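Q: Sequence and predicted structure below; questions after.
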Amino acid sequence: MSHGVGSDRPVTTLEEIVDEVAHLLPEQAPLHTFVHHNTLHAFEHLPFDRAVVEAAQLFGTRAFQTEAAFAEHQRCSRILPGDIAAVASQEVERRSGGNAPIVDRFTPRDYIDLRLRHLFEIPRGAALAWQLQETDLLHAFHPGVDVFRRRELSFRADRMFGGHPTGQRVHCMLSALWKALAEAAGANALEPRATVRRRDQLVACGADDVDQRVHPVLIRLCAAFLDQGVSSWGMPFREQGFLTAVRRLYGLPVPAPDAWQRDLAHELRTQEREGRSAVETCRSALALLGVGPEQWHTYIRATLLCLRGWAGMMRQFELRPDRAPVEPRPARLLDYLAVQLTFDAVAARAALRERFGADATWDRLAPASFGDPARPDLEPVYEAFVMAQIAHVDIEAFLRPEVAARWLEEARAVDATTRCRLLHAAYERRLRIAVLDGLAAHCRDPLPAPPEPRLQAIFCIDERECSTRRHFEETMPAVETFGFAGFFGVAMAWQGLGELRPRPLCPVNVTPGHYVTERALNPSEEQVWRNARRRLGLTTQALMQGSRTLTRGGLVSTFLGLWSVVPMVGRCLAPRLAEWLLHGVAEGSIAEPITRLVLEREGDAKDAEGRFIGYAVSEMAEVVENLLRTIGLTDGFCELVLVVGHGSSSLNNPHESAHDCGATGGGRGGPNARAFAAMANHPAVRDMLAQRGIVVPPETWFVGCYHNTCDDDMTWYDEDVMPEARQRAFAEAREALEAACLLESHERCRRFESAPHGSDAPAALRHVKGRAVDLAQPRPEYGHATNAYAIVGRRTRTRNLFLDRRAFLVSYDPTTDADGSVLTRLLGAVVPVGAGINLEYYFSFVDPVGYGCGTKLPHNITGLIGVMDGHASDLRTGLPWQMVEIHEPVRLLAIVETEPERLARILDQQPGMKAFVDNGWIQLVAWSPTDDRLWEYSAGAFHDYQPESRLLPVVASSATFYRTERGHLGLARVLPGYSDGGNA
Amino acid sequence: MGWLEFVLTCVVALPLVACLLLAVPAWFGVRFGERVISAMVGVAFGGAAAAALAALAGMLGSGRDSLEVTLGRWVVVGDYTFEWRLLADHLSVPFALFAAVLVGLIGVFSRRYLHRERGFFRFYLLLALFGAGVEIVVLAGALDQVFFGWELVGLTSALLIAFFHERAKPVEHGLRAFITYRVCDVGLLSAIVWLHHRVGSSRFVPDGGPWAGLVAPSDTASVVAVGLLLLWASMGKSAQVPLGGWLPRAMEGPTPSSAIFYGSISVHLGPYLLLRASPILQGSPGVAWAVVGVGALTAAHGSFVGRVQTDIKSLLAYASMTQVGLILVEIGFGLHYVPLIHICGHATIRSLEILRSPSLLHDHHHLEQAVGRQVPRTPFHIERLVPNAFRPWMYRHALERGYFDSLLRLVVHGFMRVMRGVDRIDRWWTGKVVGEPMRIDAGEEQRR
């Protein structure tokens, strides 16, 4: 977990430098398998607060939300004064300086508190100079000064400067104050910004921008090299690696009009002739750039980070060739670096020559000649000046130099970064209190006992299933639900009927050891299906791709082109109808054959990748046992047990896979649910389970199904093998779950601004179905947005609690886990997955352009591996703004139902997880399995949590609570039959 | 004014009214909601489409081949009169109908696509202005009026490329498109002046062909000059070789604007202009061959370069360029209805493809599954005809987009150098006259 970004270990060889810097590159795989991960994974060895600030400096990004956003949160009471007071106290405790008054009885804590509640804009640099000279900065009070203080200050001014004309006194006072503070600041000059790359230095000297020449070519080459099937003419020589391919292509003696390209060709030919390796090439390019070995690290880092999307993708292809969407490429980051440095060196030398003449050397780029000019640092003075007006202290005191100096020091201590850090803490604190208070209140009042369960259902832990489960329980009170990671322990490489290649359906850190496929029951039916689909596919291909070529395109567009008015009108005006007409009818007429999983292994057959083909009975029993024990379902089985996988399908969405199930590595969990159900229904598996102490009664039947979270559609598997006697129960279960999905779509619609609000549920379902097939819809669903908590514990304790689709719900029974081994395993899986999703959303929200991939509207899919912003930009990683716009950037609050001692012991045994928690990448809370006590984890220990409020709204149904509200909602207790309808 | 004249006026008037209804309140700080804005544009273009359809029906019903409406005079200077005149005939009415339908559809589409986008209003205002510009170009009764619409289309195109102006590249690429347009507009303006000089009018008049056209000057030199100037004008708008480098770069705006401009309407205005100029093309085989040459070169270039494009929007941009080149060839060969049908067919198919481009991953996956093998593996490639040894050269050439950008840069740099030289001379002699020595040399100033 800790890669040394800030580590002091001396790095000597170039390979080591590249390996180290590579950790800073985005770790996003090609888009078809989008796996959420911590954007700042390379900084996990640092405490969160420090990591975000350091990363912000390195990447030029934002660490927290803006002050303007925090001011807005205060205005609408998302942050309360109590939160600010609490974080101010903590900050003073954290500092070593103590809380001695600065002036009068005004302490540092008061200062922080006041400053955080007054977030005014600070003019920078020239703007400040202008304000000083041209505005009434020194003539009138700051607008943030309240009316009482104004009166008091005017009165003071009259006393202090009684000899001056009335209109001048305030000016005299403010000028004196400014002068005192400015003198205290002294001639504190800002350091000129250091530049690393030659390109930056050249630009500062007025030469042409080297990146403008190099990047378009480099981007084109990277895209051509990695392309998975957009272009019809593949890059020659690419099977020999990036460096060789580039040398062969750009080393050609072409009379290129650009002078630097002619130099480049010469250089590349030399490299090829001398047979230089990538490392040697990097070295010689660095020498050409005049960069000594002691600067290699910084220089290489700056170079790789300037097109980090592409560099990162090269690295991904190097490390995980198996994740290539279509075919792997022999990519190496070193090759890429060699190419980039060579291009940079040649182009920079050309720019240097153009600017300073043919025999110019790098010495011409004197460090003094670039960067911002040195200027006194007046911004803290401005802050101190405004705060002196706002704070209720005697203003005359500031005229004393020592007070002015103390005041200024405080202003410097509470700089923008500190303020945002503290405000972020306050922001998280409010949400934490709301949840913990709600939980405590909910478990204080016992619920009426639910009816004897007639149905059990296992869902994914995903927070989108949080509300599905609630609605399911509301529509059918006799259901008992569980949460387990959505691959259900079946870590397999899956190849569905008609799929070209298998894909892993398991968490990314697991390599599947089993290959599972499906076979049609009736081969002739399959052949008919395949042929029909193939004909349809070939027609589509002929029309779509044919229209892009010269001759066929001419014919297609002349003779058939006008027909596309029909889909065009349909797609624009009635997307759902159009999808049905264009796809539903055509594909619906091709009956998909009934299939069976090829699940049970015969002998020890392995596929080409060395995976077992199918599972042995003992392996199946292990998978089933593990899941049942973890969720605590070892007896009391109902007649039916549903296993619900999930995924999402949508149009107009390059990030479609980001909405799929994270536990299956960005795949769709249906096959896993189906396979799990088949395993659990296997008679031999049942026997083996019985031997191990889990007796599944013969009348219990497991049913696999799949929930599409985008259009809330349910798919049911293997209905035809279900025993006749289970059909009635199944019909009831199916009806109830489909009703729950209907309500689920209704609840989701409240977050879509363009959806009918408060309307009836069927309209909402129609709306979400339309969204999924709408070419014009950039937000088919909101995915994991708003995720904030993870609750690991028994569902009985959170049942009937409205959690606003914000909680990962992990089933865990502390009463059956005597030694804590189940919990250890669970946390080891849940913490990285939950935190990965949560932190990716955090960063993509906080800096949508720096960490996220910006707005989707201009996105341009390249090479089937990623998106660019419009034409030829860096490869954009992270989440698009449309996915995260309603998110609240808070760290995951993991609440674990167990005694704090046990949790502490587990942390001690798991140093990796402990460091992660200690560094504050998630917030951890222990929840007593017996009563309403909670313990917050901080600074290496658990502390008693004191609830702030014991009130919890009670409503008769979820819908009554959320119907009128579009924004985030707090917790509420849902009591069917509760008649008051108001708050209790 | 009869009802036919009235509906014809509506085709142009409705989009213009929509622009005013959007722009005037905005000027006074009144901002409408997303629904109102998109409804205004949708209704205006829906209305324009209905009006165009009515005009078409009316003309067919009454058996008239063309219809002219004079809306008024703007300026009268000596012999010269600028009249606002609309012309409906077999060319303009289908085109006007088609453009109104597409803009209206994009208007409806974008309400969902641009929902919650900060530039929502700006997008719709520019879309409406663009639509109005297209209707003016299409229904104009004379080349003088075409120029107005032509400029509106160019301006809105550049502004929509630069829609995301918080980043540098869109602005740069918008500027590039704008400069290309401006340089080529010189052709249109000069052609107008030349025509007025030689013929005395730039009106489109029926000449026995399927639709009205320009009156060709009587002397061959003028015919050639006007023809080449008009070809130059349409080369910019339609991204023909060697000026087409802006087209793939124009894919910076929101996807719907890329679809309507570079997939469908804007790029086809060049061919439209040449269709109106068919008497001139007929008058001079040289010009006709030049049109064929430019078109054929572009089609070859686009098809060749398009093969190596690795991002979907560039791929579609080159596909567009290829077909427009082909349409130019058809026009050069003197065809009339074939290019018209080709334009409409190509415009719809391409704009739909661009609208669909964000679904590429989804579509590719499904297509691959259905076909049962890796795609694309189109069975036959032109490049396979090339001997092995030349393929890297060809590939490099395609990847560098035929070096047209680099050549253009050389030309521009040369021009800049000349201008800087002129500037230096200027400073030198003004220094002499005023009696002060030259203080800052041009290069130094540029660096600041």
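A: Received, thanks. Numbering: from 1, shown residues only, chains lettered A, B, ... in the order given.

Q: For stretch A:154-172, buried residues please.
A: Across stretch A:154-172, burial judged by 16 or more other C-beta atoms under 10 Å in any protein chain shown covers A:156-157, A:160-161, A:169-172. For glycine as for every other residue, the C-beta is placed from the backbone atoms N, C-alpha and C.

Q: er, stretch A:125-140 actually
A: Buried-residue list, stretch A:125-140, by 16+ other C-beta under 10 Å: A:128, A:137-138.

Q: How far off centre is stretch A:557-565?
A: Stretch A:557-565 has its average C-alpha position 42 Å from the chain's average C-alpha position, going by C-alpha atoms, centre = their mean, to the nearest Å.

Q: what's that stretch in contact with?
A: For stretch A:557-565, contacts defined as C-beta atoms under 8 Å, 6 or more residues apart in numbering or on different chains pick out A:543, A:547, B:101, B:323, B:338, B:341-342, B:344-350, B:352.

Q: rewinding a little: between the buried residues of stretch A:125-140, which sits nearest residue A:249?
A: Set against residue A:249, the nearest of the buried residues of stretch A:125-140 by C-beta to C-beta is residue A:128 (51.9 Å).

Q: Enumerate every residue touching the closest one.
A: Here residue A:128 is in contact with A:122, A:378-379, A:382 (C-beta under 8 Å, 6+ apart).

Q: And residue A:888, how far from chain B?
A: Separation of residue A:888 from chain B (C-beta to the nearest C-beta, to the nearest Å) stands at 17 Å.

Q: who's in contact with that residue?
A: Neighbouring residues of residue A:888 by C-beta under 8 Å, 6+ apart: A:431, A:786, A:788, A:968.

Q: Can you pull the residues of the stretch 101-250 of chain B lying near chain A?
A: By C-beta under 8 Å from any C-beta of the partner chain, the part of the stretch 101-250 of chain B that sits against chain A consists of B:101-102, B:105-106, B:108-117, B:163-164, B:167, B:169-170, B:173, B:248-250.

Q: again, 7 Å this time
A: Counting by C-beta under 7 Å from any C-beta of the partner chain, the stretch 101-250 of chain B comes close to chain A at B:105, B:108-109, B:112-117, B:164, B:167, B:169-170, B:173, B:248-249.

Q: List buried residues within these.
A: Buried among these (16+ other C-beta under 10 Å): B:105, B:108-109, B:112-115, B:117, B:164, B:167, B:169-170, B:173, B:248-249.

Q: Tell me the residue of the stretch 451-600 of chain A that sits nearest chain B?
A: Relative to chain B, the nearest point of the stretch 451-600 of chain A is residue A:561 (2.2 Å; C-beta to the nearest C-beta).

Q: And the closest residue in space to that residue that isn't next to it in sequence, what's its pLDDT?
A: Spatial nearest neighbour of residue A:561, excluding adjacent residues (C-beta to C-beta, 6 or more residues apart in numbering or on different chains): residue B:345 at 2.2 Å. Per-residue pLDDT puts residue B:345 at 94.

Q: From the buried ones among the residues of the stretch 101-250 of chain B next to chain A, which land in helices?
A: Among these, the members falling in helices (DSSP state H) are B:105, B:108-109, B:112-113, B:169-170, B:173, B:248-249.

Q: and which of those residues is nearest residue A:19?
A: Closest approach between those and residue A:19, by C-beta to C-beta: residue B:169, at 31.6 Å.

Q: show me what contacts the closest one?
A: Shown in contact with residue B:169 (C-beta atoms under 7 Å, 6 or more residues apart in numbering or on different chains): A:870, A:873, B:252.

Q: Please apply the same query to residue A:469.
A: Residue A:469 neighbours (C-beta under 7 Å, 6+ apart): A:459, A:481, A:809.

Q: Against the centre of chain B, work out the most remote residue.
A: For chain B, the residue at maximal distance from the C-alpha centroid (C-alpha atoms, centre = their mean) is residue B:435, at 50.3 Å.

Q: before we move on, the earlier item: tell me the secondary structure of the residue of the stretch 451-600 of chain A closest to chain B, please.
A: Here residue A:561 takes the helix state, with states given by DSSP: H, G, I helix; E, B strand; the rest coil.

Q: Show the pLDDT at it.
A: pLDDT for residue A:561: 86.

Q: ok, it to residue B:352 distance?
A: Between residue A:561 and residue B:352 the distance, using C-beta to C-beta, to the nearest Å, works out to 10 Å.

Q: Tell me the residue of chain B that sits nearest chain A?
A: Taking C-beta to the nearest C-beta, chain A has its nearest neighbour within chain B at residue B:345, 2.2 Å off.

Q: Quickly find the element holding that residue.
A: helix B:337-356 (DSSP states H and E).

Q: Name the nearest residue to whichever residue of the stretch 651-800 of chain A sits closest to chain B, sequence neighbours excluded.
A: Closest residue of the stretch 651-800 of chain A to chain B, C-beta to the nearest C-beta: residue A:776 (4.0 Å). Spatial nearest neighbour of residue A:776, excluding adjacent residues (C-beta to C-beta, 6+ apart): residue B:112 at 4.0 Å.

Q: That neighbour: what's it in contact with?
A: A:754, A:774, A:776-777.

Q: Break chain A down into its structural domains.
A: Domain ranges of chain A: A:64-190+A:375-446, A:198-369, A:455-511+A:601-782, A:523-588, per automatic domain parsing.

Q: Tell me which of those domains sits nearest to residue A:26.
A: Evaluated over the domains of chain A, closeness to residue A:26 peaks at domain A:198-369, with 4.0 Å, by C-beta to C-beta.

Q: gap between the closest one and the chain center?
A: Distance of domain A:198-369 from its chain centroid, counting by C-alpha atoms, centre = their mean, is 31 Å.

Q: same thing with stretch B:32-43?
A: Chain-centre distance of stretch B:32-43: 25 Å, with C-alpha atoms, centre = their mean.

Q: hmm, that stretch touching chain A?
A: No: Stretch B:32-43 lies apart from chain A when judged by C-beta under 7 Å from any C-beta; the minimum separation is 8.4 Å.

Q: which residues are in contact with that stretch?
A: For stretch B:32-43, contacts defined as C-beta under 7 Å, 6+ apart pick out B:18, B:21-22, B:104, B:107-108, B:110-111, B:115, B:120-121, B:124, B:127-128.

Q: Of those residues, which is the nearest to residue A:576?
A: Of the contacts of stretch B:32-43, the one sitting nearest to residue A:576 (C-beta to C-beta) turns out to be residue B:108, at 14.5 Å.
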